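Visitor: Output the structure for:
(chains A and B)
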Amino acid sequence: EPEVTQTPSHQVTQMGQEVILRCVPISNHLYFYWYRQILGQKVEFLVSFYNNEISEKSEIFDDQFSVERPDGSNFTLKIRSTKLEDSAMYFCASSHRTSGSTETQYFGPGTRLLVL
Amino acid sequence: QQQVKQSPQSLIVQKGGISIINCAYENTAFDYFPWYQQFPGKGPALLIAIRPDVSEKKEGRFTISFNKSAKQFSLHIMDSQPGDSATYFCAASMKGGATNKLIFGTGTLLAVQP
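Guide: Model prediction:
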């Protein structure tokens, strides 16, 4: 069964450093999302991406964040200058729409980011 | 308005019992209500979902009950098994833009005791 993959599974970085989290969505999906989950808390929406541009972003997704689909398969989240509070599990999700407008988002296993 | 409230925070059920998790929302523009199951160290996985034009949806041991007038929906797990022990999140989304972000509840940690 196709699945969303994410790399790396864990990332430890120093505050102020740049990190790039990578995702390979399911191949025929057109809609892409990043969510994050701070330890023990709920999953929060960060940004959605469709047709090579950001569709929607949350207030969390400030100028330090950016997303890119550099080729036909990868979808990346970059944090330019990490802060301690960026420590979280980051999930990529992808979806496609059926004729009835039903959209199921499939989540990857996540990247656990620890900022020291 | 964008929140989804979920309860209880944690739940302990005996094997074979019924697990019930409740969610409530305010925004009547929400039109899709999925439940996700998450095991430790894994990403959320879709369990079952419902649209507000039906009051109940059943898939195997999992049932969503939906009360549109009360703006509430719940997940029932019948004959709960130890393998069901996980965190369950309700969520909601609405049509409107090109993409449909999910608004998640705070999660319920379910422990099914053998």
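Visitor: Please tell me I have it right and residue A:37 contacts residue A:93.
Guide: No. In this structure residue A:37 lies outside contact range of residue A:93 using CB atoms under 8 Å: 12.0 Å. In short, each C-beta sits where N, CA and C put it, glycine included.
Visitor: between these two, who's got more neighbours?
Guide: residue A:93 (27 against 21; other CB atoms under 10 Å in any protein chain shown).
Visitor: Okay, strands next: where are they in chain B?
Guide: For chain B, strands defined by DSSP state E occupy the ranges B:4-7, B:10-14, B:19-25, B:33-38, B:45-50, B:56-59, B:62-67, B:72-77, B:86-92, B:103-104, B:108-113.
Visitor: Please work out how many residues are found near residue 3.
Guide: By default, I'm working from chain A. Counted with other CB under 10 Å, residue A:3 comes out at 13.
Visitor: meant chain B actually
Guide: Neighbours around residue B:3, by other CB under 10 Å: 14.
Visitor: For the most centrally placed residue in chain A, which non-adjacent residue is spatially closest?
Guide: Geometric centre of chain A, nearest residue: residue A:34, 2.8 Å, by CA atoms, centre = their mean. Nearest residue to residue A:34, sequence neighbours excluded (CB to CB, 6 or more residues apart in numbering or on different chains): residue A:46, at 4.3 Å.
Visitor: Roughly how far does the one you found sit from residue A:62?
Guide: Going from residue A:46 to residue A:62 by CB to CB, to the nearest Å gives 10 Å.
Visitor: From the geometric centre of chain B, which residue sits farthest away?
Guide: Farthest-from-centroid check, chain B (CA atoms, centre = their mean): residue B:98, 24.3 Å.
Visitor: Tell me who's in contact with that residue.
Guide: Counting by CB atoms under 8 Å, 6 or more residues apart in numbering or on different chains, residue B:98 makes contact with A:31, A:48, A:50, A:51, A:55.
Visitor: redo that, cut-off 6 Å
Guide: A:50, A:55 (CB atoms under 6 Å, 6 or more residues apart in numbering or on different chains).
Visitor: pLDDT score for it?
Guide: With respect to pLDDT, residue B:98 scores 77.
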